[in-house]
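Colleague: Got a sequence here, can you model it:
(one chain, ligands or ions: 2)
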Amino acid sequence: MDDMPEDAPKAPDAPLVDAIALLESDHRKVEGLFVQYEASEDDDEKTALAHQICTELKIHTTIEEEIFYPAVEGKIEEDTVDEAYVEHDGAKVLINDIEAGSAGDDYYDAKVKVLSEEIKHHVKEEEMPNQGMFAQARAAGIDLVELGAQLKSRKLELVAEAEVDGLPPAKPTVVNLAPA
Ligand SMILES: [Fe+2]
Ligand SMILES: [Fe+2]
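Modeller: Numbers count the residues shown, from 1 in each chain. Ligands and ions are numbered 1, 2, ... in the order given. Sure, this is the predicted structure:
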């Protein structure tokens with residue numbers, strides 16, 4: 001802007017974001033990446049897309065599990081939250097496996113496909129009208145704007161970490177893996 005004084009703050013306050021809008025926009029982004037993967041015939045591009053999907057999903061499941069799920073626990077149906085944790089853990093197994101490989105490996109396309117199906121199911125459970133987790137959270141009167149701010153700031157930290165060092169493998173939260 002022309003008339004802005006030189007010492008004006010560089011960035012205006014970020015607009016408020018509703019927690020559910022933020023999480024749903026993550027869902028749409030990952031769905032788009034899965035569509036691009038399906039359409040691609042180039043192994044390098046497919047590997048890059050698959051790794052991007054895994055990073056997005058690690059960030060998304062982390063902010064949900066650190067911030068959103070604890071905020072709704074006790075205020076919505078217990079089964080809804082319990083199943084969400086278990087579904088995340090199921091996806092994490094494939095996420096770590098996909099990140100360790102590349103397109104052209106045996107079963108790689110199948111792993112990405114099955115991950116997309118697991119995520120599709122899980123997103124439906126979150127977004128379903130009336131009984132879905134998000135609808136229950138809205139009905140419970142949770143402060144979604146405050147929660148949105150927390151999700152956004154944690155997400156920015158994780159995005160920065162992913163860009164600098166990459167994120168560590170996803171860790172299951174409630175499912176026990178085979179004993180070592
Ligand atoms: Fe989600
Ligand atoms: Fe989730």
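Colleague: can we go C-alpha only for contacts and neighbour counts from here?
Modeller: Fine.
Colleague: what's the most centrally placed residue in the chain in contact with, if anything?
Modeller: Centroid-nearest residue in the chain: H60, 2.1 Å away (criterion: Cα atoms, centre = their mean). Applying Cα atoms under 8 Å, 6 or more residues apart in numbering to H60 gives the contacts L23, D26, K155.
Colleague: and which of the residues you listed is nearest to Q36?
Modeller: D26 (15.5 Å; Cα to Cα).
Colleague: before we move on, back to that, state the helix or strand in which the residue nearest to the centre of the chain lies.
Modeller: H60 belongs to helix 43-63 when assigned by DSSP states H and E.
Colleague: and that helix, C-alpha only, in CSV?
Modeller: This file holds the C-alpha atoms of helix 43-63, laid out as CSV (Å, rounded to 0.1, in the frame of the first residue of the first chain):
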residue,chain,number,x,y,z
ASP,A,43,7.5,-42.7,-11.4
ASP,A,44,9.5,-39.7,-10.1
GLU,A,45,6.4,-37.6,-10.1
LYS,A,46,4.4,-40.4,-8.4
THR,A,47,7.0,-40.8,-5.7
ALA,A,48,7.1,-37.0,-5.1
LEU,A,49,3.3,-36.9,-4.8
ALA,A,50,3.2,-39.9,-2.5
HIS,A,51,5.8,-38.4,-0.2
GLN,A,52,3.9,-35.1,-0.2
ILE,A,53,0.7,-37.0,0.7
CYS,A,54,2.5,-38.6,3.6
THR,A,55,3.9,-35.4,4.9
GLU,A,56,0.5,-33.7,4.7
LEU,A,57,-1.1,-36.6,6.5
LYS,A,58,1.5,-36.7,9.2
ILE,A,59,1.0,-33.0,9.9
HIS,A,60,-2.8,-33.4,9.8
THR,A,61,-3.0,-36.4,12.1
THR,A,62,-0.5,-34.7,14.5
ILE,A,63,-2.5,-31.5,14.9
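Colleague: Identify each buried residue in that helix, please.
Modeller: Buried residues in helix 43-63, counted by 16 or more other Cα atoms under 10 Å: 46-47, 49-63.
Colleague: C-terminal to it, what's the next element?
Modeller: Counting by DSSP H and E, what follows helix 43-63 is helix 69-72.
Colleague: Does anything pack onto that next one? Which helices or strands?
Modeller: The contact analysis (3 or more Cα pairs under 8 Å, 6 or more residues apart in numbering; DSSP states H and E) places helix 69-72 against no helix or strand.
Colleague: what residues does it touch?
Modeller: So helix 69-72 is contacted by V81, A137, I142 (Cα under 8 Å, 6+ apart).
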